[in-house]
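**Student:** Fold the following, please.
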Amino acid sequence: NDMVSGKRSEVGGNILRLRTEIDSLSKSKQLGFFDKIMRKTPLKNYIYKYQSVKTNVDAIVVSLRNGKDTLEENMAYMRNLKRTSIEEVYNLQMRIAMGNRLKTLFEEEIAKPENAGRKTTLERGLRKVVTRIQSFTEMIMLYQQAIAGTDIINDNNDKLIDSVDATID
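**Tutor:** Numbers count the residues shown, from 1 in each chain. Predicted structure coming up:
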């Protein structure tokens, strides 16, 4: 979770602290003469250290599971965004097809000699239709970029989820 949110240094610090705890667990088995005089038993030290390390490991596993849940939620959101984008592309393609038919009709009306008096108005309408078709075409390109982006994000999230599962195991 911390790695996804950009707090990579904290994750590294937590792992180093965990390693320090594990090292001290190993050392707690070896008592010196002074420790024996002070009546520190290796088993007590080992149990206390083990409980501390186990708490840290459990906290890390819980954080990993929460991060995995967040990734899965994000993937569902991205799939929904992709589906919506595909529907919008389809709708825009339909509107472009209608605009092309309208453009053809305008061009036919402009070409007729009886519409010479309305030619300026018809040309203005034609320009609006052509501008709208261009806008729709640009919007389709934006939606296609969004679709490609969601695919990349979901692929990366899949890899992260696999990594989290492997780490938890």
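**Student:** centroid residue for this protein?
**Tutor:** I153 (4.7 Å; Cα atoms, centre = their mean).
**Student:** my guess is it contacts Y77, does it?
**Tutor:** No. Assessed by Cβ atoms under 8 Å, I153 is found out of contact with Y77, at 9.7 Å. (Each C-beta comes from the backbone N, C-alpha and C, glycine too.)
**Student:** what number of residues lie near Y90?
**Tutor:** 12 (other Cβ atoms under 10 Å).
**Student:** Next: N154.
**Tutor:** There are 17 residues near N154, going by other Cβ under 10 Å.
**Student:** Can you tell me which helices and strands the helix or strand containing it packs against?
**Tutor:** Using DSSP states H and E, N154 sits in helix 119-168. Packing partners of helix 119-168 (3 or more Cβ pairs under 8 Å, 6 or more residues apart in numbering; DSSP states H and E): helix 42-111.
**Student:** mind checking how far the residue in the chain sticking out farthest from the centre is from L105?
**Tutor:** The centre of the chain is farthest from one residue, E114, which by Cα atoms, centre = their mean lies 59.1 Å away. Counting by Cβ to Cβ, to the nearest Å, the gap from E114 to L105 is 15 Å.
**Student:** Now stretch 13-31: average pLDDT?
**Tutor:** The predicted model gives stretch 13-31 an average pLDDT of 63.
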